[in-house]
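Q: This is a predicted model, with the sequence first.
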Amino acid sequence: MAEWRINLKESLQDVLDVAPPGTVIRLPAGVFRQTAVIRTPGITLAGAGRDRTAIVFDRCAKALDHVGRPLGTFRSFTLAVTAANVTLRDLTVANDAGDPAQNGQQVALSVLGDNFLMADGGLVSTQDTLFLGPLPPDLIVRYRDLLPEALRRPEGLSSRFLGCRIAGSVDFVFGGGSALFDGCELRSVCDGRRVGYVAAPSHALSQTDGFTFRRCRFTAEPSVPPESVYLARPWRDHGLCRFEDCAYGPHIHPAGFDKWGTTHRNETARFYETPGVPGRVDWVN
């Protein structure tokens, strides 16, 4: 297995484009202010620590591309993974565009590669921090002329997040992938709006593994009002989330879950919480 070390002046994309499959790329302490796509399988990006190494950029959904089209949510990422068996360790990926009410969604990490792992890492943004592909089928069709094929993959994809800190405000873990969050901190931040949501799943009915939050802590910045954040709301019918042995701060609304506005997705959502919490909505098992 090859091991490369790079410095803060190098282009991360240039390095990724020539690294052979299976390469470990070690990043020093500091900030890489750039965007990148990992297209090569088996790559590992290893930082000097979650609070020491960061990949940061400020793209947002309402920014325009080179032909004047809005980037949209799914091109706003700081880092995207489209290859299998990629690992991120000991680093943070952030999108600092800010003010999502004005700028739109701002993805830090987009995962469209199977068997992805992030360990002891951090993800920071506001709305839509972490996208876990695939897209819902209707969006795969809608964006066929906007998104490259690698960002519109329809197959099921799996991810693991171990001991990570993931921060955001609205729907900051979203998509249709299978993902385990084990021992993570899900930290709600204040973006000026009154209500927040952690997870927004869009799993198909055929999927039996959705988002599983196991032994996670749900925390918040001091400026987040009490009882103002919901654990999940279904982005599409049949969204699947499990919350197992988690700890919740006072910012979590007693009802726990939202059906997504005036929709009837509460009738199809597959949300589970163990142990059960008194006062939760009656459509959560």
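A: Happy to help now that I have it.
Q: didn't F174 look like it was pressed against F131?
A: Yes: using CB atoms under 8 Å, F174 is in contact with F131, at 6.0 Å. From N, CA and C alone the C-beta is placed, and that goes for glycine too.
Q: Report the contact partners of V141.
A: Contacts of V141 were listed using CB atoms under 8 Å, 6 or more residues apart in numbering, and none were found.
Q: tell me which element it falls in.
A: Using DSSP states H and E, V141 sits within helix 137-142.
Q: residues of that helix that come out buried?
A: Taking 16 or more other CB atoms under 10 Å as the neighbour-count basis, helix 137-142 is seen to contain the buried residues 139-140.
Q: I'd like the next helix or strand past it.
A: Beyond helix 137-142 on the C-terminal side, the first helix or strand identified by DSSP H and E is strand 158-162.
Q: name the helices or strands packed onto that following strand?
A: Contact here means 3 or more CB pairs under 8 Å, 6 or more residues apart in numbering; DSSP states H and E; on that basis strand 158-162 packs against strand 116-119, strand 178-182.
Q: Please tabulate the ones you listed in a markdown table, including the columns distance to K62, mean pLDDT and mean neighbour count.
A: A markdown table is the format used below for these (distance: least, CB to CB, whole Å; pLDDT from 0 to 100; neighbours: other CB atoms under 10 Å):
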| stretch | distance to K62 | mean pLDDT | mean neighbour count |
| --- | --- | --- | --- |
| strand 116-119 | 27 | 98 | 22 |
| strand 178-182 | 27 | 98 | 21 |
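Q: For those strands, could you give me JSON lines that also reports distance to I166?
A: Shown next, in JSON lines, are those (distance: least, CB to CB, whole Å):
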{"stretch": "strand 116-119", "distance to I166": "9"}
{"stretch": "strand 178-182", "distance to I166": "8"}
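Q: Which one, of those, ends up nearest to K259?
A: Between K259 and the helices and strands packed on strand 158-162, the tightest spacing by CB to CB is seen for strand 178-182, at 21.8 Å.
Q: circling back: which one of the helices and strands packed on strand 158-162 lies closest to A19?
A: The stretch from the helices and strands packed on strand 158-162 with the least distance to A19 (CB to CB) is strand 116-119; that distance is 16.8 Å.
Q: what pairs with that closest one, and is each one parallel or antiparallel?
A: Here the strand partners of strand 116-119, with direction, are listed using DSSP bridges: strand 87-89 (parallel), strand 158-162 (parallel).
Q: Need the mean per-residue confidence for the first one.
A: Read it as strand 87-89. Along strand 87-89, the predicted local confidence has a mean pLDDT of 98.
Q: Quick check: M118 vs V281, distance?
A: Separation of M118 from V281 (CB to CB, to the nearest Å) stands at 30 Å.
Q: Can you give me the distance of the residue nearest the centre of the chain to C164?
A: The chain has L130 as the residue nearest its centroid, 1.2 Å off, counting by CA atoms, centre = their mean. L130 sits 10 Å away from C164 when distances are taken as CB to CB.
Q: so what sits against both of these two?
A: Here L130 and C164 share the contacting residues L123, scored by CB under 8 Å, 6+ apart.
Q: Now do the strands in the stretch 51-200 of the chain.
A: Applying DSSP state E, counting those that start in this stretch to the stretch 51-200 of the chain gives strands spanning 53-57, 79-81, 87-89, 92-95, 109-111, 116-119, 122-124, 130-132, 158-162, 165-168, 170-175, 178-182, 185-188, 196-201.
Q: Export those as TSV, with columns for distance to P148.
A: Output for these, formatted as TSV (distance: least, CB to CB, whole Å):
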stretch	distance to P148
strand 53-57	18
strand 79-81	10
strand 87-89	22
strand 92-95	20
strand 109-111	12
strand 116-119	18
strand 122-124	23
strand 130-132	15
strand 158-162	20
strand 165-168	25
strand 170-175	17
strand 178-182	23
strand 185-188	30
strand 196-201	23
